[in-house]
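[1] with the sequence up front, the predicted model follows.
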Amino acid sequence: MPKASVNLQPIHLHDELVQLTPLSTEDFEELFAVASDPLIWQQHPNPDRYQRSVFSNYFTGAIESKGAFLIRNAITAAAIGSSRFYDHKPDLKEIKIGYTFFSRACWGKPYNSNVKHLMLAHAFTFVEKVVFHVGASNIRSQKAMEKLGAVKIGEEEVAYFGEPSRWNFVYEIRKPKEV
């Protein structure tokens, strides 16, 4: 009997603060309006992602991943960012979460934590560990990973979709043991 495929874009990921909906090609302009702020990308391995042509490549990768989300403020319905599942390795019971960004209005608030907890809860229904790549110079995201309880397990070069390889820190969160 064939194994059921995993839905990397469930439509039920939401809480009182955020709503994650599967990213579609129609979302480009709305998401680019958020991403066009150069300060969002200042510490990122690709600091030019605020430029339309560079963001277009990011967006294409997001659509092709079939695991990307548009993140909305659950109260105002305004687009506030994006994140995605990618590189699912069923044999290793592993998936990655990343390519995440938020508008600066969300920084220092629980938006990222809420999104990651929703995504982790979904991921742990079909994997045992979640891996995150964080740019070596992206101190803000490294601190966010540590706040989530992720453990740094290494460093490696990572080639983001359609971009050159960059040095990244590798973090991991394992599925909690059942009590």
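    Happy to help now that I have it.
[2] going forward, measure contacts and count neighbours with C-alpha atoms only.
    OK.
[3] and the gap between the closest residue to C106 other than its chain neighbours and V34?
    Spatial nearest neighbour of C106, chain neighbours left out: I80 (7.4 Å); criterion: Cα to Cα, 6 or more residues apart in numbering. Plainly put, I80 is 6 Å away from V34 if you go by Cα to Cα, to the nearest Å.
[4] check H14 too.
    According to Cα to Cα, H14 stands 20 Å off from V34.
[5] next, count neighbours for R140.
    The criterion is other Cα atoms under 10 Å. On that basis, R140 has 14 neighbouring residues.
[6] flag every buried residue along stretch 117-128.
    Within stretch 117-128, the residues that qualify as buried are L118, M119, L120, H122, A123, F124, V127, E128, counting by 16 or more other Cα atoms under 10 Å.
[7] report pLDDT for the first one.
    What it means is L118. pLDDT for L118: 97.
[8] quick one: low-confidence parts of the protein?
    The model of the chain has pLDDT under 70 over residues 1-5, 179.
[9] do you have the helices of it handy? List them.
    Taking DSSP state H to define them, one finds helices in the chain at 28-35, 52-65, 111-123, 139-148.
[10] buried residues of the longest one, list them for me.
    Taking 16+ other Cα under 10 Å as the neighbour-count basis, helix 52-65 is seen to contain the buried residues F55, Y58, F59, G61, A62, I63, S65.
[11] give the contact list for G61.
    The contact partners of G61, taken as Cα atoms under 8 Å, 6 or more residues apart in numbering, are F161, G162.
[12] cutoff 10 Å now
    G61 sits next to F55, G67, A68, Y99, Y160, F161, G162 when contact means Cα atoms under 10 Å, 6 or more residues apart in numbering.
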